[in-house]
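K.L.:
Build me a model from this:
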Amino acid sequence: MQRFAAVIRLKPEKEEEYRRLHADCWPGVQAALKRAHIGNYSIFLRDGLLFSYLEYSGESYAEDTAAIADDPVSHAWWALTDPCQQPLDSAAEGEWWAPAEEVFHLD
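P.N.:
Model prediction:
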């Protein structure tokens with residue numbers, strides 16, 4: 001199992017919409033994540049920053065996340081959620097959610 005974390009900014013005027021969307025996350029989106037071997041997935045909010053954490057149990061994270069990117073339901077979901085988000089200034093070119101480095105872990 002691998003752990004992944006990432007950060008992105010939430011546009012203040014979109015907070016209510018983002019919360020509403022995630023309070024009723026589409027079953028198809030959840031199914032695509034599970035097919036991609038993603039579990040224990042959470043998104044946290046603090047001071048306008050969204051922090052995501054997930055656990056990956058598959059063999060190829062790149063292939064499994066590419067399958068999510070090819071999923072039409074996920075595309076429709078992102079059409080609603082992406083306008084709520086703004087990449088960090090420190091994000092790499094073309095990067096949406098910026099990966100966060102693990103500096104401590106306790107089992």
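K.L.:
backbone phi and psi for the spatially most central residue of the chain, please?
P.N.:
The central residue of the chain, meaning the one whose C-alpha is nearest the mean C-alpha position (CA atoms, centre = their mean), is S52 at 5.8 Å. S52 adopts backbone torsions of phi -110, psi 150, taken as degrees, to the nearest 10.
K.L.:
and it, what pLDDT?
P.N.:
You'll see S52 listed with a pLDDT of 98.
K.L.:
likewise G94?
P.N.:
pLDDT, G94: 88.
K.L.:
One more: D107?
P.N.:
As predicted, D107 sits at a pLDDT of 89.
K.L.:
How about the contacts made by it?
P.N.:
Contact analysis of D107 by CB atoms under 8 Å, 6 or more residues apart in numbering lists nothing. The C-beta positions use only the backbone N, C-alpha and C, and glycine is treated the same way.
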